[in-house]
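*Asks:* predicted model, plus sequence, below.
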Amino acid sequence: MNLRDWLTASRALFSITVVLPCLLGGVIALSEGYVNILLLVITAVGLFFGNMTANFTNDYYDYLSGVDALDKGRRYKQGSEAVMKNGLTLQMVKVSIALAISIVLAVGVYMLVFVDWRVVFFGVAGLFTAYFYTAPPFKLEYRGLGEVFSGIGCGPLPVIGTYFVMSHQISATAVVASIPVGILVAAILYIGNVPDADADKQVGKRTISVRLGRGAVRFLGPAFYASIYLIIALGALLGMLPIWTMLALLTAPSTVKLLRTTSANYEDIPMYAPAIMMTVKVFTLTTILMAVGFVIKTLV
């Protein structure tokens, strides 16, 4: 197995769901005069490997559960469960999990000794969410808590946590900015899980799509994204966010296209599949545009 295969297995691309929120938290801190690029980089590294822990652990336990063999939708998601068919062994996945956790712990020790011992609370919460998303005994996704904890782990924790690392405090601005980001990630999980509903049900996963059925995406999808844009707009209009963060509303046309795809094709997996990457695109652009809003605020 080469490095390219290992990176595919780690789903490194999807680490943007924690790295971009980290950068947003850093930009918020910078806009308020808290400048420490080294700490921002170290925090991003810790979050990157925290997300890698989640990805490898999730695929490891999904592989053991047998859900991958049942799930027709998995062919559209490339992770370690796919690479196992091409030379990646379970032992290699376990070693990868251990390596990722070790790096996260090293970053945590650095923060504890040289930054602020209170950062540990963010780190412990993040690592708990990453590892126990599918790992026993908590198995958060199996208990119907996957979308909730993913939203927290990729929204409030990295945005507020990064802001705290740089400023040693928590601000209302960072809290408000973190909420739509968290919902964006929860939407990625929810919409991505829709094709998996039948297989997930067979192995005991109680995702939203298992409990409410695939068709619920016609209503819940719009609800997710309406709440995202509403929070950003209200936050800007009420002065809790810079007015420039309303640039994030420019992603609405892409969101409309995404929701049309999910609503029309939730029973047709091949036609539905492109929507999964659309959610990532909307998350990426929306988060970046929010960060740009804070940059403009700093410059004008």
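*Replies:* All right, it came through fine. Everything numeric in this text was worked out from a predicted model, so none of it was measured.
*Asks:* burial count for residue 89?
*Replies:* Burial measure for residue 89: 11 neighbouring residues, criterion other Cβ atoms under 10 Å. The way it works is simple: take the backbone N, C-alpha and C, and place the C-beta from them, glycine included.
*Asks:* now do residue 267
*Replies:* Here the count is done by other Cβ under 10 Å, and residue 267 has 11 residues near it.
*Asks:* unless I'm mixing things up, it is touching residue 214, no?
*Replies:* Yes: between residue 267 and residue 214 a contact is recorded at 6.5 Å, counting by Cβ atoms under 8 Å.
*Asks:* distance of residue 181 from residue 16?
*Replies:* Taken as Cβ to Cβ, to the nearest Å, the spacing of residue 181 relative to residue 16 amounts to 11 Å.
*Asks:* looking only at neighbour counts, state which of those two leads.
*Replies:* Counting neighbours by other Cβ under 10 Å for residue 181 and for residue 16 shows that residue 181 has the greater number, 28 against 19.
*Asks:* I'd like to know how many residues surround the closest residue in space to that one that isn't next to it in sequence.
*Replies:* Nearest residue to residue 181, sequence neighbours excluded (Cβ to Cβ, 6 or more residues apart in numbering): residue 155, at 4.4 Å. By other Cβ under 10 Å, 25 other residues sit near residue 155.
*Asks:* which residues touch residue 155?
*Replies:* For residue 155, the set of contacting residues under the criterion of Cβ atoms under 8 Å, 6 or more residues apart in numbering consists of 21, 178, 179, 180, 181, 182, 183, 184, 185, 186.
*Asks:* which parts of the stretch 101-250 of the chain are helices?
*Replies:* Under the criterion DSSP state H, counting those that start in this stretch, the stretch 101-250 of the chain carries helices at the ranges 119-131, 146-154, 156-167, 172-193, 197-202, 208-212, 217-237.
*Asks:* out of these, the one nearest residue 33 is which?
*Replies:* Each of those was scored for nearness to residue 33 using Cβ to Cβ, and the closest is helix 156-167 (8.8 Å).
*Asks:* tell me what that closest one is packed against?
*Replies:* Contacting helix 156-167 under the criterion 3 or more Cβ pairs under 8 Å, 6 or more residues apart in numbering; DSSP states H and E are the following elements: helix 16-31, helix 37-65, helix 119-131, helix 172-193.
*Asks:* contacts for the first one?
*Replies:* Here helix 16-31 makes contact (Cβ under 8 Å, 6+ apart) with 35, 40, 43-44, 47-48, 50-51, 153-155, 158-163, 166-167, 171, 173-174, 177-178, 181, 185, 188, 242, 280, 283-284, 287-288, 290-291, 294-295, 297-298.
*Asks:* run the chain-centre distance for stretch 166-183.
*Replies:* 15 Å (Cα atoms, centre = their mean, to the nearest Å).
*Asks:* mind listing what's buried in that stretch?
*Replies:* Of the residues in stretch 166-183, 166-167, 171, 173-174, 176-183 count as buried by neighbour count, 16 or more other Cβ atoms under 10 Å.
*Asks:* okay if I get the helices of the stretch 101-250 of the chain as CSV plus mean pLDDT and distance to residue 252?
*Replies:* What follows is the helices of the stretch 101-250 of the chain, written out as CSV (pLDDT from 0 to 100; distance: least, Cβ to Cβ, whole Å):
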stretch, mean pLDDT, distance to residue 252
helix 119-131, 94, 29
helix 146-154, 94, 20
helix 156-167, 97, 22
helix 172-193, 97, 13
helix 197-202, 85, 27
helix 208-212, 92, 23
helix 217-237, 97, 7
